[in-house]
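*Asks:* how would this look folded up:
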Amino acid sequence: MSMPNKLPREQPGDEAEEMTPLSTYRPARPAGDKVVPLHRRLPRASDARPPERPLVQSVAPAECIQRAYYLEARRGFASDAALATAIGVHRSQVTRWAQGRSAHAGNAWLLRDLAATVSRLADFYQTGTINRWLFGANPDLGGEQPMELLRQGRLPEVLMAVQAQTSGAFG
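*Replies:* A predicted model of the protein is given here:
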């Protein structure tokens, strides 16, 4: 069985050559500096859309950092209210941090230290376990609560306890 070398004369699409100027398409007309086909209407002034918001908004670096600290610290707590209670502030203050607003100096340091601690713990523990670890008596810290040490500004000791706990060292 041999295949013919040539295609038959009548192929789909051949009828395009037979189109006349009286076809269903209308010619385009100039509209200012553009050519607009007649089957599309020209935009009216009333159809103008408001300008779209940019995809990336400029944010002050301090606001971005503050929000990052909040998001990282929040991983260790079931709710914003629990985070507020742990730090000792009103829930509305935590909501402001979530929006990127800056915290007062003392709270900003505590939030940063808490975020660093929770970040290390989150690699190994669930949220509920992190919360219990922060508020439980820790033998690596002489029986003190890690959260209390964070309030005192003793982040290095807490991070050493995290390291000891997660590496399996016993003291």
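*Asks:* make it CA atoms for all contacts and neighbour counts henceforth
*Replies:* OK.
*Asks:* does anything pack onto the helix or strand where Ser92 lies? Which helices or strands?
*Replies:* Assigned by DSSP states H and E, Ser92 belongs to helix 91-98. The contact analysis (3 or more C-alpha pairs under 8 Å, 6 or more residues apart in numbering; DSSP states H and E) places helix 91-98 against helix 61-74, helix 80-87.
*Asks:* in it, which residues are buried?
*Replies:* Using 16 or more other C-alpha atoms under 10 Å as the test for burial, helix 91-98 gives Arg91, Gln93, Val94, Trp97, Ala98.
*Asks:* show residues contacting it.
*Replies:* Gln66, Arg67, Tyr70, Leu71, Asp80, Ala81, Leu83, Ala84, Thr85, Ser102, Ala103 (C-alpha atoms under 8 Å, 6 or more residues apart in numbering).
*Asks:* distance of the fifth one relative to Ala103?
*Replies:* It stands for Asp80. 15 Å (C-alpha to C-alpha, to the nearest Å).
*Asks:* ok so, going back, weakest of the helices and strands packed on helix 91-98 by average pLDDT?
*Replies:* Note on the helices and strands packed on helix 91-98: lowest mean pLDDT is at helix 61-74, with a mean of 89.
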